[in-house]
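Asker: Coordinates for the following, if possible.
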Amino acid sequence: MMSYQNIVKQNIVKQNIVKILSGLGLIFSLTLASAQNQDFEEILKILDNRSNFQTDLSATMTLSRTDPEAGDDSRTVQMFRRDDDNLFLFLIEKPETQLGQGYLRVNDGLWFYDPESRQFTFTSLSESFEGSDARNRDFGASSLAEDYRVTSGTEGTLGNFDVWILELEATNSEVTYPFRKIWVTKENSLLLKSEDYSLTKRLLRTSFFPSYAKSGESFIANKMIFVDALVENKSTTITLTDISTATIPDNVFTKAYVERVNR
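Answerer: Numbers count the residues shown, from 1 in each chain. Next comes the predicted model:
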C-alpha cells in the first residue's frame with residue numbers, strides 16, 4: 001500500500017506540473033497577445049526606412065563565391081547608390097579580365113556594360129549577380145513594405161537577439177522571390193536572416209546579415225552571406241568597406257559616365 005508520504009509527494013509533483021503548465025500557458029497567451037497586437041506591416045516600413053539612405057552611398061564591395069561545381073572565385077566592385085531615385089552603379093575592378101564591366105540601374109531598368117564590345121545589354125534585377133548567390137535586386141533600396149504583405153508573425157530569438165519572425169507573400173510579380181520568411185530584430189528593426197521560397201514554396205536560398213554599419217539613422221549590412229539551398233556547399237559572402245555617404249555627382253549614374261571611365 002502506498003504510504004501517506006508518497007501520496008503527498010505525488011500530489012506535490014502533480015501540483016508543480018500543473019503550475020508549470022499553467023505558467024507556460026500564460027507565457028504563450030502573453031506572447032500570442034503581443035504578436036496579435038503588433039503591427040507587422042509597420043515593422044516592414046520601419047525596416048525599409050532604416051535600410052534606405054536619404055544621402056548618397058558608396059563603398060568597396062568584395063564578393064567571395066564558394067561553388068563546388070564552378071570553383072571558388074572573388075571580385076572587387078565599386079558600388080554607388082542613390083536610394084531616393086532608385087539608382088545604383090557597380091564597376092568591377094577585379095579580376096582584371098573583367099575590369100571595366102559595370103551594372104547600371106536607372107529606375108526599374110538594369111543595364112550591363114561590356115567594355116570590349118562597348119555595348120549595354122538590358123538585364124533583370126532578379127538575375128544572379130555575376131553567377132553568385134546574390135541577386136541584382138539585393139543591392140538596391142529595400143522595398144519590403146511595398147512588395148510584400150505579412151501573412152503571419154511570431155516572436156522568437158536568433159542567437160542573442162529577440163526577433164519578430166514574419167512570413168511574407170508577394171503583392172506583385174516583379175519580386176525575385178514570391179514567398180519569404182524573415183527574422184527582424186525587435187530592438188531596431190534590422191533584417192538578420194531571410195529564407196527565400198519559390199511559388200511552390202520550395203526553399204531556394206537562405207541569407208544572413210550578421211553585421212551592420214550605421215550612418216545617421218540608416219543602417220547598411222556590411223556583411224552578407226547568401227547560401228544556396230539547392231546546391232550543397234554553394235554560397236556567397238559579401239563584405240563592404242570604405243563606406244561613404246558623400247554626395248555623388250549626378251553624371252555617375254549615366255551610361256556616358258560608365259563608358260567614359262572605361263576609356
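Asker: Does residue 227 lie in a helix or a strand, and which?
Answerer: Per DSSP states H and E, residue 227 falls inside strand 218-228.
Asker: my bad, residue 44
Answerer: Per DSSP H and E, residue 44 falls inside helix 40-51.
Asker: Sheet-wise, list the partners of whatever helix or strand comes next after that helix with their directions.
Answerer: Downstream of helix 40-51, the first helix or strand assigned by DSSP H and E is strand 57-66. According to DSSP bridges, strand 57-66 has the following sheet partners: strand 73-82 (antiparallel), strand 235-244 (antiparallel).
Asker: ranking these by burial, who's on top?
Answerer: Here the criterion is mean neighbour count by mean count of other C-beta atoms under 10 Å, and of the strands paired with strand 57-66 the winner is strand 73-82, at a mean of 19. To be clear about C-beta, it is placed using only N, CA and C from the backbone, and glycine gets the same treatment.
Asker: Show me what that strand is in contact with.
Answerer: 53, 56-65, 67, 87-95, 98, 130, 139-141, 240, 248, 252-253 (C-beta atoms under 8 Å, 6 or more residues apart in numbering).
Asker: ok, of these, which come out buried?
Answerer: For the contacts of strand 73-82, a burial check counting by 16 or more other C-beta atoms under 10 Å picks out 53, 56-59, 61, 63, 65, 67, 87-92, 98, 130, 139-141, 240, 248, 252-253.
Asker: picking up where we left off before, nearest to residue 177, of the strands paired with strand 57-66?
Answerer: Proximity to residue 177 (C-beta to C-beta) singles out strand 235-244 among those, at 15.9 Å.
Asker: Strand 218-228 and the closest one, what's the angle between them?
Answerer: Put simply, strand 235-244 runs at 160 degrees to strand 218-228, going by axes from the mean of the first three to the mean of the last three C-alpha atoms, to 10 degrees.
Asker: before we move on, back to that, average pLDDT for the strand holding residue 227?
Answerer: Across strand 218-228, the average pLDDT comes to 94.
Asker: give me the low-pLDDT residue ranges for the stretch 1-150 of the chain?
Answerer: Confidence mapping of the stretch 1-150 of the chain against pLDDT under 70 gives the ranges 1-37.
Asker: how about the helices in it?
Answerer: Along the stretch 1-150 of the chain, counting by DSSP state H, counting those that start in this stretch, helices occupy 4-37, 40-51, 144-147.
Asker: Could you verify my assumption that residue 135 touches residue 123?
Answerer: No. In this structure, residue 135 is not within contact of residue 123 by C-beta atoms under 8 Å, at 11.2 Å.
Asker: In terms of packing, which of these two has more residues around it?
Answerer: Neighbours per residue (other C-beta atoms under 10 Å) separate residue 135 from residue 123, with residue 135 holding more: 19 against 15.
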